[in-house]
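Participant: please find the sequence and the predicted model below.
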Amino acid sequence: MSSYRWVICAMLFFATTINYLDRQVLSLTWPSFIGPEFHWTNENYGDITAWFSIFYALCMLFAGRLVDWLDTKKGFLWAIGIWSIGACLHAFCGIATSGIVAGEWLTGFEGARDILSHVENGALITSVSVTLFICARLVLALGEAGNFPAAIKATAEYFPKKDRAFSTSIFNSGATIGAMIAPACILYIAAAWGWEASFIIIGLLGFIWMGFWVFLYKKPEVNPKVNRAELTYILQDKDPGVGENAADGTPAGPAKKISFLDCFKFKQTWAFAVGKFMTDGVWWFYLFWMPKYLESVYNLKGTDQVLPLTVLYTVVMLSIIGGWLPSYFIDKKKMNPYAGRMKAMLIFAFFPLLALLAQPFGSYSYWLPVVIIGIAGAAHQAWSANIFSTVGDMFPKSTIATITGIGGMAGGLGSFIIQKGAGTLFDFSGKTGMLFMGFKGEEAGYFIIFSICAVSYLIGWCIMKSLVPRYRPIVLT
């Protein structure tokens, strides 16, 4: 049996890695480089990430449907092409700000920085720069919204159900790898050549990936690199959809699809959406705010953050067990895929509770919250790999990207709430010296958000289980 499905899994892994590298550039560069230049506060940064989240949510609602319409290959090309352009656009926000504020357009990155340093109206610089970064962030969100619907659809096309959680955990670990290598790459690039260079260099990686994808991806039924034995293995499940290819690769007629509005009639859709709403914002909070947390609470700035952030995301790599555990329940305990995944997700939902201890233990050493948040992040990624796989368990392949997009929209809405709330809370707690549970100022704000993050998974799991208590695949007739 050939093993070409793992080549596709590797491509999905690299796409997700690039996705999170692009997403991380702003969170790593704003505390020490961008923020001082444009006079940003926590609330300003919170507004940028919140608008990214809400636009990402809206785009996810339609990105999945678009991927189902364009199909996997074209859909992924459009997605990564758009988000790579959006990533590069961030680099030119400084020049555009100097043009709008001071009327100086024909200048380089250093020239724009010098011009802005002599402008007395700091509030105008802040307002204009925040608006421009939001616009660049919206383009990034438009493209990035297509990544997971396309990746989940490709996984469903190339892997049987029993392997999907494991393959999803592999490509989903690209998020962790991207976050892990980002501090070393991005902070040193920003220190050496300016923050603008970090956006451009990282953004160009997406165009390189597109060149490989064009030649490597074909559906398994028509891919000459996939032999008969591997095709039989890939298509071993009887898909609940009508018209899917048979196990021997013979087309059974055009696949029936669920209309966009009809998707919302199923409890399975709402269960997936609730699970994403409750938990996606937690991961994005860790991703977007940990650099600022290390600076505000522990006075670690710039390249001083490289080692702790690298250690944090190295710990997150423990999430690879997220793909193995449900396979153990399915293969060894003979549970159905949904039951096995839900049991694994319940186990993973307890680990984020450790985030309740992050701030208290931080009084001893910043390494303790770094490790604790790393464990919480690992639990999230393990949870994420399995909640994505529940879509393939329940829905026909022709609708997987659409349902993934709906769940992504819900996750983006949850992230909008936590990003906006965090920025406002941190500025308020810092200015007022707020006291909460023995913590003062911004530390109190972080303790509150960490506490919310800690309990979100158990709440999400309980709601999902109440909506879909047992395995109920959607059957099209």
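Facilitator: Arrived safely, thanks for sending.
Participant: next structured bit after the lowest-mean-pLDDT helix or strand in the chain?
Facilitator: In the chain, the helix or strand scored least confidently by mean pLDDT, DSSP states H and E is helix 321-331, which has a mean of 75. Toward the C-terminus, helix 321-331 is succeeded by helix 337-350 as the next helix or strand (DSSP states H and E).
Participant: now the angle from that following helix to helix 321-331?
Facilitator: Relative orientation of helix 337-350 versus helix 321-331 (axes from the mean of the first three to the mean of the last three C-alpha atoms, to 10 degrees): 140 degrees.
Participant: which secondary structure elements does helix 337-350 contact?
Facilitator: helix 161-182, helix 321-331, helix 367-394, helix 442-467 (3 or more C-beta pairs under 8 Å, 6 or more residues apart in numbering; DSSP states H and E). From N, CA and C alone the C-beta is placed, and that goes for glycine too.
Participant: 10 Å instead?
Facilitator: With contacts taken as 3 or more C-beta pairs under 10 Å, 6 or more residues apart in numbering; DSSP states H and E, helix 337-350 sits against helix 161-182, helix 267-298, helix 321-331, helix 367-394, helix 442-467.
Participant: what residues does the third one touch?
Facilitator: Same thing as helix 321-331. Outside of helix 321-331, the residues within contact range by C-beta atoms under 10 Å, 6 or more residues apart in numbering are 161-173, 335-345, 347-348, 378-386, 389-390.
Participant: can you flag the buried ones in those residues?
Facilitator: Buried subset of these (neighbour count, 16 or more other C-beta atoms under 10 Å): 161, 163-173, 335, 337-345, 347-348, 378-386, 389-390.
Participant: low-scoring stretches of the stretch 101-250 of the chain, by residue?
Facilitator: In the predicted model of the stretch 101-250 of the chain, residues 238-250 satisfy pLDDT under 70.
Participant: which parts of it are helices?
Facilitator: Listed in chain order, the helices of the stretch 101-250 of the chain (DSSP state H, counting those that start in this stretch) span residues 109-117, 122-144, 147-158, 161-182, 188-193, 195-216, 228-234.
Participant: same for the first one, what does it pack against?
Facilitator: This means helix 109-117. Using 3+ C-beta pairs under 10 Å, 6+ apart, helix 109-117 sits against helix 35-38, helix 93-102, helix 122-144, helix 195-216.
Participant: out of these, flag the one nearest Q236.
Facilitator: helix 195-216 (23.3 Å; C-beta to C-beta).
Participant: by how many degrees do that closest one and helix 109-117 diverge?
Facilitator: Orientation check (the same axes, to 10 degrees): helix 195-216 against helix 109-117 gives 140 degrees.
Participant: list the buried ones in helix 195-216?
Facilitator: Buried residues in helix 195-216 (16+ other C-beta under 10 Å): 195-196, 198-203, 205-206, 209-210, 213.
Participant: and which of those residues is nearest S84?
Facilitator: Using C-beta to C-beta, the buried residues of helix 195-216 come closest to S84 at G206, 3.1 Å.
Participant: any idea how far the closest one lies from I181?
Facilitator: To I181, G206 is 16 Å away according to C-beta to C-beta, to the nearest Å.
Participant: same thing with S429?
Facilitator: 32 Å.
Participant: show me which of those two is the more surrounded one.
Facilitator: S429 (23 against 16; other C-beta atoms under 10 Å).
Participant: test my guess that that one contacts G441.
Facilitator: Yes: between S429 and G441 there is a contact at 5.6 Å, judged by C-beta atoms under 10 Å.
Participant: what sits in contact with each of the two?
Facilitator: L435.
Participant: what's S32 in contact with, if anything?
Facilitator: Residues near S32 by C-beta under 10 Å, 6+ apart: 187, 190-191, 195, 291-292, 295, 300-305.
Participant: please redo it, this time with the cut-off set to 7 Å
Facilitator: K301, G302 (C-beta atoms under 7 Å, 6 or more residues apart in numbering).
Participant: over to A63?
Facilitator: A145, G146, P149, G405 are the contacts of A63 under C-beta under 7 Å, 6+ apart.
Participant: find the nearest non-adjacent residue to the first one, please.
Facilitator: To tie it back to what came earlier, the one meant is A145. Leaving out its chain neighbours, the residue that sits closest to A145 by C-beta to C-beta, 6 or more residues apart in numbering is C59, at 3.5 Å.
Participant: likewise for the last one?
Facilitator: Counting by C-beta to C-beta, 6+ apart, G405 lies nearest to G64, which is 2.2 Å off, once chain neighbours are set aside.
Participant: ok, that neighbour - contacts?
Facilitator: So G64 contacts P149, A401, T402, I403, T404, G405, I406 (C-beta under 7 Å, 6+ apart).
Participant: among the helices and strands packed on helix 109-117, which is nearest W367?
Facilitator: If we rank these by C-beta to C-beta, the stretch that ends up nearest is helix 35-38, at 25.0 Å.
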